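Visitor: with the sequence up front, the predicted model follows.
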Amino acid sequence: KDPEARLPELNTSIAEAERRFAAMREEWNEHRRPIAEEISEHERKLAQMDALRGDIKAKTSELAEREELALKLTERLAKMPPAASRASYTRRIFEIVKNVQKQKVEINKILHDVREIQKEMNIESQRLGRSFGAASEVVWRAAEKNDPASQKCYKALADMHSVFQHLVN
């Protein structure tokens with residue numbers, strides 16, 4: 001037989017084979033798609049299970065540590081002396097109240113003393129002001145006469161007054 005004559009038959013056969021192959025590929029994809037989705041779902045669940053296993057291990061070790069701590073604290077509590085009685089607490093509270101009252105009396109005395117000293121400081125400050133006024137007037141009259149010693153004296157008096165004002169304040 002002539003190979004050229006068989007060429008259309010082979011081309012038809014190839015086209016039919018390609019059509020069947022495409023149909024099979026489509027059928028395979030239809031079957032493969034749900035299986036691939038199921039596989040990915042199982043892989044996701046497996047990853048979740050692995051994460052949960054890790055959490056379980058962490059929680060188990062944390063639980064063991066806490067149980068150990070609870071045991072140590074229980075032993076420590078057993079070794080501690082019994083709690084003080086209510087009467088001792090009330091007695092201590094009364095002692096504290098008494099001390100606070102004593103401190104309050106002392107604070108009031110100190111406040112009274114501070115007020116007295118403040119009054120004295122105000123009186124002395126006023127006296128200083130009056131003394132400066134009088135001395136300033138006398139020295140100023142002498143300084144008006146263009147006497148250099150009187151002018152120096154007036155300046156020294158003003159400086160001394162500012163220093164005393166600073167001390168009083």
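Guide: Arrived safely. Numbering: from 1, shown residues only.

Visitor: CA only for contacts and neighbour counts going forward, please
Guide: Noted.

Visitor: need the mean per-residue confidence for the lengthiest helix in the chain.
Guide: Taking DSSP state H as the assignment, the helix of the chain that covers the most residues is helix 3-79. The average pLDDT within helix 3-79 is 93.

Visitor: measure residue 84 to residue 91 for me?
Guide: Shown here: residue 84 relative to residue 91, a distance of 11 Å by CA to CA, to the nearest Å.

Visitor: elements contacting the longest helix of the chain?
Guide: Applying 3 or more CA pairs under 8 Å, 6 or more residues apart in numbering; DSSP states H and E, one finds that helix 3-79 contacts no other helix or strand.

Visitor: just how off-centre is that helix within its chain?
Guide: Relative to the mean C-alpha coordinate of its chain, helix 3-79 is positioned 45 Å out (CA atoms, centre = their mean, to the nearest Å).

Visitor: circling back to that earlier point, more crowded one of residue 84 and residue 91?
Guide: Neighbour tally, residue 84 and residue 91, criterion other CA atoms under 10 Å: the higher count belongs to residue 91, 11 against 8.

Visitor: gap between residue 36 and residue 43?
Guide: If you go by CA to CA, the gap between residue 36 and residue 43 works out to 10 Å.

Visitor: repeat that for residue 73.
Guide: Residue 73 sits 45 Å away from residue 43, going by CA to CA.

Visitor: that older thread, what's downstream of the longest helix of the chain, the next helix or strand?
Guide: helix 86-143 (DSSP states H and E).

Visitor: that next one - contacts with which helices or strands?
Guide: Packing partners of helix 86-143 (3+ CA pairs under 8 Å, 6+ apart): helix 148-168.

Visitor: list the buried ones in the helix it packs on?
Guide: Neighbour-count burial for helix 148-168 flags 150-151, 153-155, 157, 161 (criterion: 16 or more other CA atoms under 10 Å).

Visitor: same check on stretch 47-54?
Guide: Buried residues in stretch 47-54, counted by 16+ other CA under 10 Å: none are found.

Visitor: what is the burial count for residue 136?
Guide: Other residues within reach of residue 136 by the criterion other CA under 10 Å amount to 18.

Visitor: which residues touch it?
Guide: Applying CA atoms under 8 Å, 6 or more residues apart in numbering to residue 136 gives the contacts 154, 157-158.

Visitor: adding distance to residue 167 and pLDDT, write those out as a markdown table.
Guide: What follows is the contacts of residue 136, written out as a markdown table (distance: CA to CA, whole Å; pLDDT from 0 to 100):
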| residue | distance to residue 167 | pLDDT |
| --- | --- | --- |
| 154 | 20 | 83 |
| 157 | 15 | 86 |
| 158 | 14 | 87 |
